[in-house]
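A.B. asks: just a sequence and a predicted model for now, questions to come.
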Amino acid sequence: MPYKCPEKRREASKKAAKKYREKNREKINIVALGRYHKLYKNSEETKEYRREYLKKYREDNREKIREYFANNESIKEKARIRASQWQRDNVGRTRAKNSLRKKKVKQATPLWSNRRDLGEKYEEAYRMELQTGIKHHVDHIIPLVHPDVCGLHIPSNLQVLPALENLKKGNRF
């Protein structure tokens, strides 16, 4: 590789940096604004600002993001591997979380609830899974644990949804 004089290297470096900035303007703005908020605002305001900014970005670039993830199976696979590795590394925390979930479901199931109808909802999810080949979940319409309202684990509060829809919905009411 031929030796470049410092001035030529500096010019080449400036050109490369400019090209990078033009190509990655959005990414740089997020980082720069995050640094500004981190330095000059309290952390709760920073989190809220980032949350709103990313929400707007996702809305504006929904198709671009969807296409990116649809074409990158390796991302999904890496996330799945990371999650299973975390569970193996944190067996105690995973068991505690699962135990707490079972406890919440038990507390939310009234004595007068018809357990046969509850079982039928889960059987319906399994049947739909076999028919369509798509994983289905039994979802609580009104969440069992929520800051505003808490639902019951009864048949009228359950619905069968495709797994992806249920995971997107999260704990929203």
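C.D. replies: Thanks, I have it.

A.B. asks: going forward, measure contacts between C-alpha atoms and count neighbours the same way
C.D. replies: Noted.

A.B. asks: this structure: helices as residue ranges?
C.D. replies: 6-23, 25-40, 43-60, 62-70, 73-89, 91-107, 115-132, 163-169 (DSSP state H).

A.B. asks: for residue 138, which of those is the nearest?
C.D. replies: Residue 138 lies closest to helix 115-132 among the helices of the chain, at 6.3 Å (CA to CA).

A.B. asks: now do the closest one: which elements does it pack against?
C.D. replies: Packing partners of helix 115-132 (3 or more CA pairs under 8 Å, 6 or more residues apart in numbering; DSSP states H and E): strand 136-140, strand 158-162.

A.B. asks: of those, which stretch is the most buried?
C.D. replies: Of all these, strand 136-140 has the most neighbours on average by mean count of other CA atoms under 10 Å, namely a mean of 22.

A.B. asks: tell me how far it lies from the chain's centre.
C.D. replies: 17 Å (CA atoms, centre = their mean, to the nearest Å).

A.B. asks: sorry, back to before: can you list the helices and strands packed on helix 115-132 in a markdown table and add distance to residue 170 and mean pLDDT?
C.D. replies: Shown next, in a markdown table, are these (distance: least, CA to CA, whole Å; pLDDT from 0 to 100):
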| stretch | distance to residue 170 | mean pLDDT |
| --- | --- | --- |
| strand 136-140 | 10 | 92 |
| strand 158-162 | 12 | 92 |
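
A.B. asks: with distance to residue 22 as added columns, please give the ones you listed in TSV.
C.D. replies: Converted to TSV, those look like this (distance: least, CA to CA, whole Å):
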stretch	distance to residue 22
strand 136-140	44
strand 158-162	41
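
A.B. asks: go ahead and flag the most central residue of the chain.
C.D. replies: The centre of the chain sits closest to residue 168, judged by CA atoms, centre = their mean, with a distance of 7.5 Å.

A.B. asks: pLDDT at that residue, what is it?
C.D. replies: On the pLDDT scale, residue 168 is placed at 83.

A.B. asks: hmm, which helix or strand of this protein has the shakiest average pLDDT?
C.D. replies: helix 25-40 (a mean of 66; mean pLDDT, DSSP states H and E).
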